[in-house]
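Asker: Sequence first, then the predicted structure, then my questions.
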Amino acid sequence: MSLLALYDRSLLGRAASPALDCVDATGTPLALTFGALEERSNRMAHALRARGVQAGDRLAFYLTNRVEIIDLWLACIKTGIIVVPVNVLYREREITHIVSDAAPVAVVTTTVQQSDLPPGVPSWSLEALSAEAAQQSSERITVPCVPNTPAALVYTSGTTGASKGAVLTNGNFAANALALTSSWEFTSADRYLAVLPLFHVHGLGNGLHVWLLSGCHMRLVERFEHERAADWFEAYQPTVFFGVPTMYVRLLEVAPARAAAIGARCRLFVSGSAPLPAPVMEAFRERFGHVILERYGMTETLMNVSNPFYGERRPGTVGFPMPMTVVRIVDEAGVDVPDGTSGELWVRGPNVCDGYWRRSDATAAAFTDGWFHTGDVGVRAADGYITLEGRRSDLIISGGFNIYPREIEELLAEQGGVQEAAVVGVKDAVRGEVPVAYLVCDATVNLEALAQQVRTQLASFKVPRGFVRVDALPRTALGKVQRHLLPPWTPA
């Protein structure tokens, strides 16, 4: 079954049903049926075709949450165009690399945001493209596809610091959507409050797809704002909410009586993209009356493991493998370890990407006989619950976003007067972890000026929260930095 055929349960089968509430670019409330989304995306498909974009071409978008992302996504699925989502927090260094690697026809963004793109990056004004689409035919156009037809290139960094494009196929998105819709019992009666960014697989691969497959109603907001979240819950009365741990920390600020009323109307709260602290899970249960369902996924694999919808949602664990997904826990030789023993998680299933875009070396290194090496270390209990214990790489997860130290270290090393740099994750009550940089540098280096320079080069969530001057980086005899021996850091 094709991905579009799954969408058609709603686009065609529920054409008259209310599908989406949001606000348009002027702040005016907008309400659309599934049939209206079908027509909008058809018009967008014709507009893209008129601009010469063909099946197999890449088209990037650099946008905050808005209905036009849905128009673009559906239009590209229908016409075989490969979507390249770009994080709106990315800056020149990161955008340049993605555009150079993926070679998209253009980056679609707003007229205002075009100034944020690096010079020379081909860009299209969303406003102009949408105006053209409005004049096009609403008749559907499609191209044939099979499960391994690429649908998106989603960029995720490796431990080397080089960002790689995971090739996610129609089959990957379809398998993931079917597993989630079934496992979490989504129906057309649900109401989904969508706050996760659609440039991220959590919002795009999970949220958008369970909405389209189930035919439920979605309210799309531009971004999560903790000051307004309780008002959104009360006004919209969602039955389902997907978030990251940072959001749940913020929701604990809602007054108890108000939180209890919100919880009484909602059937499911899901957390992912970073580890959910057990104390947060317990505090949320006390305040909202719900045990958050924690799950585990990756850009390259979409969802792998989930706590059960029915049964114990065990704090500190991510639960059991998703339907159609198999998980192994192996030692350094790739041999399965017994329950209770730590090892690296390997996964296999129709949710796993086809590899990395134009990186046969990275693809070969990431797979063994069809098993994808996650790089995450975990342990399985005798009753099957899987607990994540850390990462083989030095990945930092801050507010649901992945941060790879090597990328920041390389940028710091380029700055005048800096000899060496090491970046580590430090626990943070709100974001889970934040990056901190340790520098071997000349006495003349102004750390505040250095921090300001880094802010112009990296997304805000990657900028170290602290810069610590040290005489030398602790290393092993073979020269590997011993990050755990760096001096502790506390915010000023």
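Answerer: Yep, it's here.

Asker: what bits of this protein have low per-residue confidence?
Answerer: For the chain, the stretches with pLDDT under 70 are 1, 157-162, 476-480.

Asker: who's in contact with the residue nearest the centre of it?
Answerer: Computing the C-alpha centroid of the chain and ranking residues by C-alpha atoms, centre = their mean puts His200 first, at 3.0 Å. Neighbouring residues of His200 by C-beta atoms under 8 Å, 6 or more residues apart in numbering: 85, 87, 273, 400-401. For the C-beta atoms, the positions are set from N, CA and C on the backbone; glycine is no exception.

Asker: Who wins on neighbours among the residues you listed?
Answerer: Among those, the one with the most neighbours (other C-beta atoms under 10 Å) is Ser273, at 27 neighbours.

Asker: could you list every residue that touches the closest residue to that one other than its chain neighbours?
Answerer: Spatial nearest neighbour of Ser273, chain neighbours left out: Gly400 (3.6 Å); criterion: C-beta to C-beta, 6 or more residues apart in numbering. Gly400 is in contact with 200, 202, 244-246, 272-274, counting by C-beta under 8 Å, 6+ apart.

Asker: swap the cut-off to 7 Å and go again
Answerer: If you count contacts by C-beta atoms under 7 Å, 6 or more residues apart in numbering, Gly400 has them with 202, 244, 246, 273-274.

Asker: Please, where are all the helices along the stretch 51-200 of the chain?
Answerer: For the stretch 51-200 of the chain, applying DSSP state H, counting those that start in this stretch gives helices covering 67-79, 92-102, 126-134, 170-183.

Asker: Which positions within the shortest one qualify as buried?
Answerer: To tie it back to what came earlier, the one meant is helix 126-134. 126, 129-130, 132-133 (16 or more other C-beta atoms under 10 Å).

Asker: Kindly report the same for the last one.
Answerer: Burial within helix 170-183, assessed by neighbour count using 16+ other C-beta under 10 Å, is assigned to 170-181, 183.

Asker: cool, stretch 28-45 as well?
Answerer: Buried residues in stretch 28-45 (16+ other C-beta under 10 Å): 32-45.

Asker: Show me what that stretch is in contact with.
Answerer: With contact meaning C-beta under 7 Å, 6+ apart, stretch 28-45 is reached by 10-12, 14-24, 67, 70-72, 74-75, 78-79, 133-134, 136-141, 215.

Asker: For ChimeraX, what selects the buried ones among those?
Answerer: To isolate the buried members of those in ChimeraX, using 16+ other C-beta under 10 Å:
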select :10,11,14,15,19,20,21,22,67,70,71,72,74,75,78,79,133,136,140,215
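
Asker: For Glu294, give its distance to Gln452.
Answerer: 37 Å (C-beta to C-beta, to the nearest Å).

Asker: Of those two, which one has the most company?
Answerer: Between Glu294 and Gln452, Glu294 has the larger neighbour count (other C-beta under 10 Å), namely 25 against 11.

Asker: Pull up the pairing partners for the helix or strand containing that one, direction included.
Answerer: Per DSSP states H and E, Glu294 falls inside strand 293-298. Strand 293-298 pairs in its sheet with strand 268-271 (parallel), strand 302-306 (antiparallel), by DSSP bridges.

Asker: Neighbours of Asp383, how many?
Answerer: Asp383 has 9 neighbouring residues, counting by other C-beta under 10 Å.

Asker: SS state for it?
Answerer: At Asp383 the chain is in coil, as set by DSSP: H, G, I helix; E, B strand; the rest coil.

Asker: What residues does Ala283 make contact with?
Answerer: Contacts for Ala283 (C-beta under 7 Å, 6+ apart) come out as Leu252.

Asker: Pull out the CA atoms of stretch 484-492 and give them to me as CSV.
Answerer: Provided in CSV are the C-alpha atoms of stretch 484-492 (Å, rounded to 0.1, in the frame of the first residue of the first chain):
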residue,chain,number,x,y,z
HIS,A,484,34.3,12.9,32.6
LEU,A,485,37.5,14.3,34.1
LEU,A,486,36.8,17.9,33.1
PRO,A,487,36.0,20.2,36.1
PRO,A,488,32.4,20.6,37.0
TRP,A,489,30.5,23.6,35.8
THR,A,490,27.6,25.4,37.4
PRO,A,491,25.7,28.4,35.9
ALA,A,492,26.7,31.8,37.2
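
Asker: ok, and what's touching that stretch?
Answerer: 422, 424, 426, 436, 438, 465-466, 468, 474.

Asker: and those, which of them are in strands?
Answerer: 422, 424, 426, 436, 438, 466, 468 (DSSP state E).

Asker: Return the member of those nearest to Arg191.
Answerer: Top of the list for closeness to Arg191, among those and by C-beta to C-beta, is Val426 at 37.8 Å.

Asker: ok, how many other residues are close to the spatially closest residue to that closest one that is not a sequence neighbour?
Answerer: Of all residues not flanking Val426 in the chain, Val436 sits nearest, at 5.0 Å (C-beta to C-beta, 6+ apart). Using other C-beta under 10 Å, Val436 has 22 neighbouring residues.

Asker: you'd agree Val436 is up against Gly466?
Answerer: Yes - judged on C-beta atoms under 7 Å, Val436 makes contact with Gly466 at a distance of 4.3 Å.

Asker: Can I get the longest helix along the chain as CSV, trimmed to CA atoms?
Answerer: If you go by DSSP state H, the chain has its longest helix at helix 34-50. Presented in CSV, the C-alpha positions along helix 34-50 are these (Å, rounded to 0.1, in the frame of the first residue of the first chain):
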residue,chain,number,x,y,z
PHE,A,34,-9.8,17.2,4.6
GLY,A,35,-11.3,17.9,1.2
ALA,A,36,-9.9,21.4,1.3
LEU,A,37,-6.5,20.1,2.1
GLU,A,38,-6.7,17.7,-0.9
GLU,A,39,-7.5,20.6,-3.2
ARG,A,40,-4.9,22.9,-1.7
SER,A,41,-2.2,20.3,-2.1
ASN,A,42,-3.3,19.5,-5.7
ARG,A,43,-2.9,23.2,-6.5
MET,A,44,0.5,23.3,-4.9
ALA,A,45,1.5,20.2,-6.9
HIS,A,46,0.6,22.0,-10.1
ALA,A,47,2.5,25.1,-9.0
LEU,A,48,5.6,23.0,-8.3
ARG,A,49,5.3,21.3,-11.6
ALA,A,50,4.9,24.7,-13.4
